[in-house]
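Undergrad: Take a look and give me a structure for this.
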Amino acid sequence: MKSLTRYLTMNIPSKMAFKNITPEVDAAIRASGVQEGLVLVNSMHITSSVFINDNERGLHHDFGKWLEELAPFNPGPNHYHHNRTGEDNADAHLKRQVMGREVVCAITNGQLDFGPWEQIFYGEFDGHRSKRVLVKVIGE
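TA: So this is what the prediction gives:
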């Protein structure tokens, strides 16, 4: 069995944003030489996410608006108990929980075996610092 591990470094300059990382995952698959297998892509931070959806700007805007309604940013310790620890990012932890930690995708004939609109995204909910994403390819 073949395997390859890559770490992507994300530097999102805003508090919340979505970045298409499909090209980076495709490059890792090509570099691995795996023709049939799986790729795991996961955020290595508890205030960011990896998920699959459509690469459509309006949808990304809707995600941001919806997440902000579910868990609005509020650094005050009276709104979120987590912020009583001296942190101000409780909302980011909640947003990550909704959007998910990771995706596992099939590789067929050396390519992501996706539907017509599927893409892999990194979701940032507490930006302004470097974070990592693990890409682990395994297969034959």
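
Undergrad: can you tell me which helix in the chain is longest?
TA: helix 57-70 (DSSP state H).

Undergrad: Who are the packing partners of it?
TA: When contacts are defined as 3 or more C-beta pairs under 8 Å, 6 or more residues apart in numbering; DSSP states H and E, helix 57-70 sits against strand 17-20, helix 90-99. Quick note: C-beta positions are derived from backbone N, CA and C, even for glycine.

Undergrad: Deepest-packed of those, please.
TA: Stretch with highest mean neighbour count among the helices and strands packed on helix 57-70: helix 90-99 (a mean of 21; mean count of other C-beta atoms under 10 Å).

Undergrad: Can you name every helix or strand that it contacts?
TA: Here helix 90-99 touches strand 48-54, helix 57-70, strand 118-124, going by 3+ C-beta pairs under 8 Å, 6+ apart.

Undergrad: May I see the ones you listed arranged in TSV, with mean pLDDT and distance to V135 as well?
TA: Formatted as TSV, those follow (pLDDT from 0 to 100; distance: least, C-beta to C-beta, whole Å):
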stretch	mean pLDDT	distance to V135
strand 48-54	98	10
helix 57-70	97	21
strand 118-124	98	9
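
Undergrad: Present the ones you listed as CSV; the columns should include distance to V39.
TA: Shown next, in CSV, are those (distance: least, C-beta to C-beta, whole Å):
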stretch, distance to V39
strand 48-54, 11
helix 57-70, 22
strand 118-124, 9
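
Undergrad: Which of these sits closest to V103?
TA: strand 48-54 (5.3 Å; C-beta to C-beta).

Undergrad: Check which strands are paired with the closest one and give the direction for each one.
TA: Within its sheet, strand 48-54 is paired with strand 118-124 (antiparallel), according to DSSP bridges.
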